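*Asks:* for reference, the sequence and a predicted model appear below.
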Amino acid sequence: MSEASPQPPRDQWGSRIGVILAVAGSAVGLGNFLRFPGQAAQNGGGAFMIPYFVALLVLGIPLCWAEWTMGRYGGRLGFNSAPGVYSAIWRNRFAKYFGAIAVLIPLVIYMYYVVIEAWCLGYALSYLSGSLMKGSDPAAYEEFFGNFVGAGEHGALLQPGNRSFLWLLGATFLLNFVLIYRGVNKGIETFCRFAMPLMVICALCVLVRVLTLGTPDPSKPDQSVIGGLGFMWNPDFQALSNPQTWLAASGQIFFSLSVGFGIIVNYASYLREDDDVVLSGLSASSMNEFFEVCLGGLITLPAAFIFLGTAVAGFGTFGLGFNALPNVFAAMPGGQFFGFLWFFMLFLAAVTSSVSMLQPAIAFFEEGLGLKRHASASILGLIAAIGAGFIVYFSKGLVALDTFDFWVGTGLIYLLAMIQAVMYGWIFGIDRGEEEAHRGAHIRIPRFVQFMLKYVTPLYLAVIFVAFCWQNV
Ligand code: PFF
């Protein structure tokens, strides 16, 4: 890529609400409905919300504003990829290597995220056809899930009995491919404008169903809606003295808001010069928190608890979504319909996120290698399919997914987030940042947030990064 020859942005968002929905679409995903309830329940229940909100205020929202601001700035100079935008901010040859991390992380996450997305599609279709209503036989759901996950041998998913999953995976890839091939406006924005409201409707229907379940089995009075909410939200303040709780909370904020991945930098680079970044950033983040805390936090675990009691604690994040919940839908009145709504909603949420993961690499191919969008999308589609193929082949249960999620989705993110905080606070500079952020803004970022971005955010991140290395390396 040439720093000296910036080109005009190739694509632009159609409307303000469109870009907010696209960024919120990237943020709202499996992380909100599966990862969040699992993390909260494992890390102190209600007490988890203390480090969670600290991370939201110290890391999530400030970094989100920084990414929106740097992205729109880079876009104005004609750069859309993270390496380009970082090089425009920091005229140093290392900048583009840091930018490369922001291209690589979402691409790798895409390779396993899309596999889970295909599970959601498979589950939604199975509810539609009725084949997932297997009565009260937990072993039947375990077996069904095992076929999707490829439990057992390497290559289990390629065995004749499991091949239907490969069709689902192919269909999921195709949908993602079509959306990114059509571009940020005609593909991603158009899809998010229709998918986001539909997701709210589906999730609200399931929420009402869960909250009106009462105590389905009178012989187990503890397993009520209130008991389920208590199980998820009862605070265990002892967890606060464990660094793992603080690590998990910050990791959840990054993953959930899609902050620290370079996604927002790329999306914001397609804004117009005076599009409001402050209000848009805040709206997209608030929308994500609504989905996470109000919907994800009130549906998944409480519903599972009502029917399975304290046994839900043993299911783990994926087990909770794909193994415990089918037991729940089988037992609840109207379960087939609500099961379909739930997994269809999860599928939409996952697609609006996964399309955002390929976009940074597309921008890099266009800008760095001079390829046209359609060629970039095709080459990347192929690379991602090969990567996902490897993951599926070697998956042997959930081990490969978990390993990728841990090292790339958690470890590298701290590093990239730190780079971005330093890039904004120290290289771009908070005075310039403040001026740039408020161009066309309808609300102001409080001044202390700029100071926080310069001093507190990088320090907080550095402490967390050291704690992460300490615990895991
Ligand atoms: N924010 C998405 C979720 O909560 O599921 C996940 C995600 C999207 C992670 C985009 C990373 C990313 F680049």
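*Replies:* It's in. Numbering: from 1, shown residues only.

*Asks:* can you tell me how far residue 294 is from residue 319?
*Replies:* Separation of residue 294 from residue 319 (C-beta to C-beta, to the nearest Å): 24 Å. Any C-beta I mention is one placed from the backbone N, CA and C, and that applies to glycine too.

*Asks:* the more surrounded of the two?
*Replies:* Higher neighbour count among residue 294 and residue 319: residue 319, with 20 against 14, using other C-beta atoms under 10 Å.

*Asks:* pLDDT on the host helix or strand of residue 404, on average?
*Replies:* Assigned by DSSP states H and E, residue 404 belongs to helix 399-406. For helix 399-406, mean pLDDT rounds to 70.

*Asks:* please apply the same query to stretch 44-62.
*Replies:* So the average pLDDT for stretch 44-62 ends up being 94.

*Asks:* and stretch 267-279, by the same measure?
*Replies:* The model assigns stretch 267-279 a mean pLDDT of 94.

*Asks:* go on, stretch 431-442?
*Replies:* Stretch 431-442 comes out at a mean pLDDT of 95.

*Asks:* for stretch 183-200, same thing?
*Replies:* Averaging pLDDT along stretch 183-200 yields 95.

*Asks:* flag every residue of the stretch 101-250 of the chain that's near the ligand.
*Replies:* Neighbours of the ligand within the stretch 101-250 of the chain, by C-beta under 6 Å from any ligand atom: 106, 109.

*Asks:* just the helices in the stretch 101-250 of the chain please.
*Replies:* Counting by DSSP state H, counting those that start in this stretch, the segments of the stretch 101-250 of the chain that form helices are 138-149, 163-183, 190-211, 225-233, 243-257.

*Asks:* can you list phi and psi of residue 277 for me?
*Replies:* Backbone geometry at residue 277, expressed as degrees, to the nearest 10, gives phi -90, psi -20.

*Asks:* what's around it, how many residues?
*Replies:* With other C-beta under 10 Å as criterion, residue 277 counts 29.

*Asks:* moving C-terminal of the helix or strand containing residue 36, what's the next helix or strand?
*Replies:* Assigned by DSSP H and E, residue 36 belongs to helix 36-42. Counting by DSSP H and E, the element after helix 36-42 in chain order, helix or strand, is helix 49-55.

*Asks:* briefly note if the helix or strand following that following helix comes near the ligand.
*Replies:* Note on helix 49-55: by DSSP H and E, the next helix or strand toward the C-terminus is helix 61-76. No. Helix 61-76 lies out of reach of the ligand by C-beta under 6 Å from any ligand atom, never closer than 11.4 Å.

*Asks:* quick one: the very next helix or strand once past helix 61-76 to helix 61-76, angle?
*Replies:* Counting by DSSP H and E, the next helix or strand C-terminal to helix 61-76 is helix 82-89. Counting by axes from the mean of the first three to the mean of the last three C-alpha atoms, to 10 degrees, helix 82-89 lies at 90 degrees to helix 61-76.

*Asks:* and helix 82-89, anywhere near the ligand?
*Replies:* No. Using C-beta under 6 Å from any ligand atom, helix 82-89 never reaches the ligand; the gap is at least 11.4 Å.

*Asks:* looking just at contacts, which helices and strands does that helix meet?
*Replies:* If contacts are counted by 3 or more C-beta pairs under 8 Å, 6 or more residues apart in numbering; DSSP states H and E, helix 82-89 sits against helix 61-76, helix 93-129, helix 263-268, helix 335-368.

*Asks:* mind checking how far the third one is from the chain centre?
*Replies:* When you say that, I think you mean helix 263-268. On the basis of C-alpha atoms, centre = their mean, to the nearest Å, helix 263-268 sits 14 Å off its chain's mean C-alpha point.

*Asks:* what packs against that helix?
*Replies:* Applying 3+ C-beta pairs under 8 Å, 6+ apart, one finds that helix 263-268 contacts helix 16-27, helix 61-76, helix 82-89, helix 335-368.
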